[in-house]
Structure formats: structure tokens, C-alpha cells
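pasting a predicted model and its sequence here:
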Amino acid sequence: MKAVHFGAGNIGRGFIGELLYESGFSTTFVDVVKATVDYINETNSYEMYIIDNNEKKVIKNVKAFSPITNEADIVEAICEADLITTSVCVDNLDKIAPTLAKGLKERLNRGIGKVDVMACENAFYATDMLKKALVENTKAPVTEEELDKVGAFPNVAVDRIALSTVINGVRVPQIQAAFELVIEKDKMVNPEAQPIKGAEYVENLGMYLERKLYVFNCGHAATAYFGYHNNCETIHDALEVPEIKADVVAVMKESAMAMTKKYPFKFEELEAYIEKILKRISLEALHDEVVRVGRSPIRKLNLKDRLVGPALLAESYGLDNTHLAKAIATGYTFDYKEDEQAVEIQAYIADNGIEKAVEKYSGLTPDQKLYQLVIENYKAIKA
């Protein structure tokens, strides 16, 4: 079987690429980083490490192309593919859309059968976002009707800690052993097919997507922002501080309680999930920097994302969200100079005040209780 995967970063090679290899696929990676493309093509393989035991693993049967110099080869690979996946970060879906659209349009013109296209991104319904980007791209026009003739677009929930290190001048993925890949099976070309081994195929993906974003990612981001504010270097360091750990646990439990009202989760089940998450993210060997986890705060402080989303959900059920509000407020103090989004938020606050910033970036309004809680917490933090 053949797969095309857009994005040869930590998640691309270390997570999805590994699973594709273990599932018997020969994978063509698409990436703009020439050094990565050259490295993969040198031996048609690449190395990765399992962090838990520092085990080296070699992934074979791979090649790579750059959309800048080898778009025609990518189009051909898409025509031959049995599966197409992405892990480029949702902010970049519009950038890969033209090349993917060209490949799918050519596949349609040749009368080749339908193919599953899955965006394995850390966001709600990322495949839907990818499909929208395909339709809206102007460089390679394609209609939604054409896409539905040539592809199926199941959404996916992903969960795996993926880092990297540089070895002999090459960035090598370092991946935690535990992972979760949940696929919306009813939207697949063949709902009974299970092309990726180790994945879970479900009908109600929404509850798993929300659990991942509103509990796991929520707690991870809260740890990063609390840790950064307290001058901690890593997530491990932050969770070694009792006050920070207590706040993080409280944040996650507030979110979990809201989840039990919306979905058929039991609170005890989510408590066990929280405990498992905390063990994973606090592993010292990860050396996971708070600035990495906290990066892109415009996205992470968005109305529907990992902190504001569960806080509003809790508020809608009349539940406590005071710790979530504190985490959001602390996110607005994330002033890491090497993060463009952090720099933008801080500049906006300096020019317009925190009140306007919370309205602009989190979509909250002064008539909402959460808005008032965030402002109060922010001013207390900055006092």
C-alpha cells in the first residue's frame, strides 16, 4: 500500500509515519525543508527515538519530495496513493492545499478510485478545515463536488508527545510510546476498513476530540503558562511546584466535569485520564520546554480552543471555571520574545489594554462572567 503524508516534522515522521510503516505502507513525505527531504531520500529511511527507553527505531520504505521543486512528483504520488494524511499544523493547511488539490484533481481526471484524506492535526475537525482550504484555494481550483467524487474526508483525533533532537546535523524525532489516534470511521471510503494499525475507529469522534483538546491540551497549556510565569524551564519543572500542580489539576477537573455534562463520560473515568496525562507530561526525560508547549497563544487562547472552550462549556452548565479563568489570564502574560503570536498579543495589550485584547483574541464580551473573571485574574497577576 502507498501513502502520501504532508509534513515531515516530529509528528509526521515520529507519529503518523511510524504508524504507516507498521501498517505496511510505503510513504511519500511532502515537506518544504530541503535538509529533511535530502536526509530521507539518502537511504529511503529515517531514525526516530522512543523517549521512554531511548530506543532507536528505523523507519523504512519512505521517500520525500518538496512542493517547491518536485510538485509533479507529488501529484503523481497522490494519484497512486491508497491513503493521504497531513501533520503540518492547522495554520499551514492553506499552504499545502494547492498541491494537494492538483493531485486530487488529476486523480479525478484519470478516473482513479476514491481515497481517504485525513488531517492528523491538533485541532477540532481539522480534516473539515483542510477540505475548506482545498475549496477556497485559488492556485488550483477544485469544487467540493469534485472532492467528494475523488475522496473521503474523515476527521481524526491525535494524541502523542513528539519532540526532537539534532543528531549529526539532522533533526530526529523523539516520541513518547503512548499515543491515541481516533478516526471517524463513518466518513471513510470503506467504514469497515482499518488501514492504520493501532488507531481506534469510532462513530462519535466529537467526544474524543473534545476530551483531547479540553482535558489533555487544556492541562498541558495551563502547565506551560503557569510554569512560564513562575520562571520554570520545562513542564516537568513546573509540575514539581506543588502550587502549580494543584492549579493544573483543578483546571483539568473543571474541564472534565463540564465534559461529563455534555457526553457520556463518567467523572471517575476522566480523573483516571487526567492522572495518566500528568504522568506522561511530567516525565523528566522529555525535557519539554514551557515555551514550546505555550507557543502560538493566539490559537491557544481562541474562543473554541483548549482553555476558553472548556471554560465557556463549564459556564454554560453553571459549573465552576475559576481555575480555567486563571489559566486564560496567565496565558495573556506569556511574553516570550521568540514567539510571533506572543509578541503580537503583548503589543496589542500595550496599545489597547487587556480588556480589548480578551475581546479580540478570545472572543469574550464584557457581559460574560468568564470575561470578568479573566480580567480580574490578569490584573491580580500583573499587580
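Received, thanks.

and the strands in the stretch 51-200 of the chain?
55-60, 62-65, 83-86, 115-119, 151-152, 156-159, 162-167, 170-175, 180-184, 200-202 (DSSP state E, counting those that start in this stretch).

tell me how far the second one lies from the chain's centre.
When distances are taken as C-alpha atoms, centre = their mean, to the nearest Å, strand 62-65 is centred 23 Å away from the chain's centroid.

strand partners (parallel or antiparallel) of it?
strand 26-30 (parallel) (DSSP bridges).

so which residues make contact with the strand it pairs with?
Residues from elsewhere that reach strand 26-30 (C-beta atoms under 8 Å, 6 or more residues apart in numbering): 1-8, 12-13, 17, 20-21, 36-37, 40, 61-67, 74, 77, 81, 96, 99. No exception for glycine: its C-beta is placed from N, CA and C like everyone else's.

report the buried members of those residues.
Neighbour-count burial (16 or more other C-beta atoms under 10 Å) applied to the contacts of strand 26-30 gives 2-8, 12-13, 17, 20-21, 36-37, 40, 62, 64-67, 74, 77, 81, 96, 99.

next one: phi and psi at the closest residue to residue 233 other than its chain neighbours?
In space, residue 233 comes closest to residue 289 once its chain neighbours are excluded; the distance is 6.3 Å by C-beta to C-beta, 6 or more residues apart in numbering. Main-chain torsions, residue 289, degrees, to the nearest 10: phi -70, psi 140.

list the residues that contact residue 289.
So residue 289 contacts 233, 234, 235 (C-beta under 8 Å, 6+ apart).

quick check, the first one in contact with residue 290.
Yes. Proximity of residue 233 to residue 290 meets the contact threshold set by C-beta atoms under 8 Å, at 6.8 Å.

out of those two, which sits in the busier spot?
When neighbours are counted by other C-beta atoms under 10 Å, residue 233 and residue 290 differ, and residue 290 comes out ahead with 26 against 14.

tell me, how many residues neighbour the nearest residue in space to residue 53 that is not next to it in sequence?
Spatial nearest neighbour of residue 53, chain neighbours left out: residue 177 (7.8 Å); criterion: C-beta to C-beta, 6+ apart. When neighbours are counted by other C-beta under 10 Å, residue 177 registers 12.

and for residue 331?
So residue 331, with other C-beta under 10 Å, has 28 neighbours.

hmm, it is touching residue 296, no?
No. Residue 331 is not in contact with residue 296 according to C-beta under 8 Å; the separation is 10.9 Å.

can you list the neighbours in contact with stretch 120-133?
So stretch 120-133 is contacted by 11, 15-16, 85-90, 93-94, 97, 100, 117-119, 144, 147, 153-156, 158, 181, 184, 209-210, 213, 217, 304 (C-beta under 8 Å, 6+ apart).

mind checking which of those residues are buried?
With neighbours counted by 16+ other C-beta under 10 Å, the contacts of stretch 120-133 contain buried members at 11, 15-16, 85-90, 93, 97, 100, 117-119, 147, 153-156, 158, 181, 184, 209-210, 213, 217.

mind listing the helices for the stretch 101-250 of the chain?
126-136, 144-150, 205-211, 218-229, 235-239, 242-262 (DSSP state H, counting those that start in this stretch).

just say which of these is most tucked in.
Comparing the helices of the stretch 101-250 of the chain by mean neighbour count (mean count of other C-beta atoms under 10 Å), helix 218-229 ranks first with a mean of 26.
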